[in-house]
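In: With the sequence up front, the predicted model follows.
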Amino acid sequence: MVELQIVEQVETPDVPGFSGAEKQAMQRAVIALFDHWGLTDAEASTLLGDISARTFQRWKQGQLGRVGNDLAARLSNLIGIHKALRLLFAEKARGYGWIKRPNATFGGKSALAIMLGGQLTDLMRVRRYLDAQRSPW
C-alpha cells in the first residue's frame, strides 16, 4: 500500500512587477501611441486584452484604472514595439505607419492585423520580429 507523506509548503518568490506609477506611465504612453498609430477604440480594446471601449475612453480622459499582470505585459510589449520602431526608423512618421503596412514576414498582413488576433503572444510575435531586426546594433 502506498503511504502518503506530508510535503512542506515552499514559499514562492515574489514575481518582479511594475509599480503603480510605472503602470500608469505605461497607460499614458500607450494612449499617445495608439493616437499616433491612428487606432480606433475597438482596436485599442483588443490590443489591451479586450478591456471595454468605455474603459479605454476613461483612460483617455485621465481616469487610469487597475492594471493586472496580463495588461501590464501587454502595455510593456506595446511600448517595446514602439521603442524598436523608433530605433529602426529615423523618421517618426515612417515608424508609426509601418504598423499598418503589409509585411511579407507576416504573410502579407500588417503587424496591426497580427496583433489584433488579441492574444498576448500576437503582440510578442511582432515585438520579437522587431527586436530581431535591430539586433545587430
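Out: Great, that's in hand. Residues are numbered from 1 along each chain as shown.

In: Longest helix in this structure, please.
Out: Criterion DSSP state H: the longest helix present in the chain is helix 69-88.

In: could you give the mean pLDDT of that helix?
Out: Averaging pLDDT along helix 69-88 yields 95.

In: Likewise for stretch 104-123?
Out: For stretch 104-123, the mean pLDDT works out to 96.

In: Check which residues of that stretch are buried.
Out: Using 16 or more other C-beta atoms under 10 Å as the test for burial, stretch 104-123 gives 106, 110, 111, 112, 113, 114, 115, 122, 123. Bear in mind the C-beta positions are built from the backbone N, C-alpha and C, glycine included.

In: what do you get for stretch 34-41?
Out: So for stretch 34-41, counting by 16+ other C-beta under 10 Å, buried means 34, 37, 39, 41.

In: re earlier: go through the buried residues of stretch 104-123 and flag which are in helices.
Out: Short answer: the buried residues of stretch 104-123 in helices (DSSP H) are 111, 112, 113, 114, 115, 122, 123.

In: can I get these in a markdown table with distance to residue 91?
Out: What follows is those, written out as a markdown table (distance: C-beta to C-beta, whole Å):
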| residue | distance to residue 91 |
| --- | --- |
| 111 | 17 |
| 112 | 19 |
| 113 | 23 |
| 114 | 23 |
| 115 | 22 |
| 122 | 26 |
| 123 | 24 |
